[in-house]
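Asker: Attaching a predicted model along with its sequence, questions to come.
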Amino acid sequence: MEKISYDSVESRLITAINHLRTRDTYLIEHNLHERTIVHRLAIYLEELFPTWHVDCEYNNDRGTVKRITAIYDKLQTF
């Protein structure tokens, strides 16, 4: 897996979220199922992280639930 800086991950994540917001407005505005929306986000993330495997259903790392806490507060401003 490629090594990538925190700033690059953050930038790509924000880009993926912006793609979701602009390209899939219908899903959000019509309150479609969370899995539908997260699937679309996973597609954009895979485009931006081509050497990573993005799975919207995988949230566990050896028995511990994965959480992205480092940038959570920043994402709340969207």
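Answerer: It's in.

Asker: Now the longest helix along the chain: buried residues?
Answerer: Ranked by residue count and defined by DSSP state H, the top helix of the chain is helix 6-23. Within helix 6-23, the residues that qualify as buried are V9, R12, L13, A16, H19, L20, counting by 16 or more other CB atoms under 10 Å. To be clear about C-beta, it is placed using only N, CA and C from the backbone, and glycine gets the same treatment.

Asker: Pull the distance from that helix to the chain's centre.
Answerer: Distance of helix 6-23 from its chain centroid, counting by CA atoms, centre = their mean, to the nearest Å, is 7 Å.

Asker: Any chance of JSON lines for the buried residues of helix 6-23, columns distance to L45 and pLDDT?
Answerer: Converted to JSON lines, the buried residues of helix 6-23 look like this (distance: CB to CB, whole Å; pLDDT from 0 to 100):
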{"residue": "V9", "distance to L45": "10", "pLDDT": "90"}
{"residue": "R12", "distance to L45": "7", "pLDDT": "95"}
{"residue": "L13", "distance to L45": "7", "pLDDT": "92"}
{"residue": "A16", "distance to L45": "5", "pLDDT": "95"}
{"residue": "H19", "distance to L45": "9", "pLDDT": "96"}
{"residue": "L20", "distance to L45": "10", "pLDDT": "94"}
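
Asker: Can you pull up the most central residue in the protein?
Answerer: Compute the mean C-alpha point of the chain, and by CA atoms, centre = their mean the closest residue is L41, 5.3 Å away.

Asker: And for that residue, nearest residue in space, chain neighbours not counted?
Answerer: L20 (5.1 Å; CB to CB, 6 or more residues apart in numbering).

Asker: With R21 instead?
Answerer: Spatial nearest neighbour of R21, chain neighbours left out: I28 (7.1 Å); criterion: CB to CB, 6+ apart.

Asker: ok, that neighbour - how many residues close by?
Answerer: 12 (other CB atoms under 10 Å).

Asker: Please, which helix or strand holds it?
Answerer: Taking DSSP states H and E as the definition, I28 sits inside helix 25-29.
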